[in-house]
Each structure stands twice: as C-alpha cells, then as structure tokens.
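Novice: curious how this folds, go ahead:
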Amino acid sequence: MLVYTVLILGTQLPVLDGDQNMTLEFIALTGLLDTALVALLIRVFLMLSGETSRDVFLGLRPLKGEILRGLIAIPFMIGGVNLLMWLLRILVPSTHTVAKNPYEQFMHNPIDATILMITVVIAGGIREELQRAFILHRFEQRLGGIRIGLTIFTVIFGVLHYAQGVDAALTVGLLGLCWGLMYYWRRSAVAGMVSHAGFNSSQILMTFFGR
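Specialist: Numbering: from 1, shown residues only. Got it, this is the predicted structure:
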C-alpha cells in the first residue's frame, strides 16, 4: 500500500488504462519496488534479532541441490495445477468465477509478456518466498509454531488470488502450501523460489502462446 501511494502521489506514471484496468507499467514498477522494500525490511528485522539472511533463507543445504529440486518440482506443479483446475471445473463448475485470465489483458506483444514474466518472477518467485520463509521462521521462533504459520499463510496466499477466480484461489492456496512445506522440510527457501519462479513463468508463456 505504501508503494502504491508513493507512486500515485509522487510520479506521473499512468495508473489506469482506457478500460479502467491497471497499466502494465504501474504493476511492474509496483512489484519491483515492493520486492525491494520487503527484502530491506526483512534484512533489518533479521539484523535486529542477530540473525543472517543466509541462516534463514539458505540454511545448511547445498545450493545446487536446492536449485535442482526446485527445477524438478516445476513440471509436477504445472501438471498438478492443470489436473486440479480440470477436476474443479468438472465436479464444482461454480468455482470457475472468472472466465478470462486477468493477466491476459497485458499480453499484447512479446515485449509486454516479457515485462510481465520478469515481474512475476521477482515479485512472485522471489518476494513471496522471502515473505513465506521469514514468516514461517518467525512463527517457529515465537508465534506458536511453524505449522500454525504455514496454515495461516496458506489461507492468506489463496485468498489474495481470489481476483483470478475461486478455482484459482483454491489451487494457488495449495501451491503455497507446497512451497511452504518445501521450506518446512528443507529449511531453505531456494527450492521454493526456483519452482515458484518457474511455475509463474510457465503460466505467462502458456497464456501468451495460447491466446
């Protein structure tokens, strides 16, 4: 909200297009600045508690192994999401409340699709997994346990994607649970970042080429 307010009041960046939808430029810049702000705040909070980013986000796992796990997880997540979305539309069609992917309006050409892909990789794959790992870490330390944190953050993560449809919110909520479990089991955010970024990129590519 702070980033939104600063950009709206402090810049002349166009916020809405002719159809009263947010412009790609505004969404991209907001996502990048928000990522930087979140990363800075997390860094400050960790310093205040005498911790390092490496301990919280990398842990003791070899980096290459975590990257490989993240890459291997991508096709399974894509397949699982497609299967779940198909089952929801067959068994509970009322959950399909949004007919058109909201991101499709930004994919007029390859340049727009590339900008959007970079945005979802940074603001999604990196920022959201930094948030998830930090929140789970704090819940484990002093807020009632990592399982409670995982449950709460999974629900919030799904609800935040409600604009894409009820079926998308349910599916994305389960994806968030998977990424949370990756951190829970590995105590490293790397595999989650890689798989999250790869999944988001695949969705942009499939939507763009499927138009």
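Novice: am I right that residue 183 is in a helix?
Specialist: Yes: assignment of residue 183 by DSSP: H, G, I helix; E, B strand; the rest coil places it within a helix.
Novice: which ones are touching it?
Specialist: 129, 132, 133, 136, 189, 192 (C-beta atoms under 8 Å, 6 or more residues apart in numbering). From N, CA and C alone the C-beta is placed, and that goes for glycine too.
Novice: elements contacting the helix or strand harbouring the fourth one?
Specialist: Residue 136 is part of helix 127-142, with elements assigned from DSSP states H and E. In terms of contacts (3 or more C-beta pairs under 8 Å, 6 or more residues apart in numbering; DSSP states H and E), helix 127-142 is packed against helix 24-48, helix 146-159, helix 166-186, helix 190-209.
Novice: average model confidence for that helix?
Specialist: The average pLDDT for helix 127-142 rounds to 91.
Novice: in the protein, which residue is most central in space?
Specialist: Nearest residue to the geometric centre of the chain (C-alpha atoms, centre = their mean): residue 124, 3.2 Å.
Novice: look up how far residue 98 lies from that one.
Specialist: 18 Å (C-beta to C-beta, to the nearest Å).
Novice: try residue 123
Specialist: Taking C-beta to C-beta, one finds residue 123 at 20 Å from residue 98.
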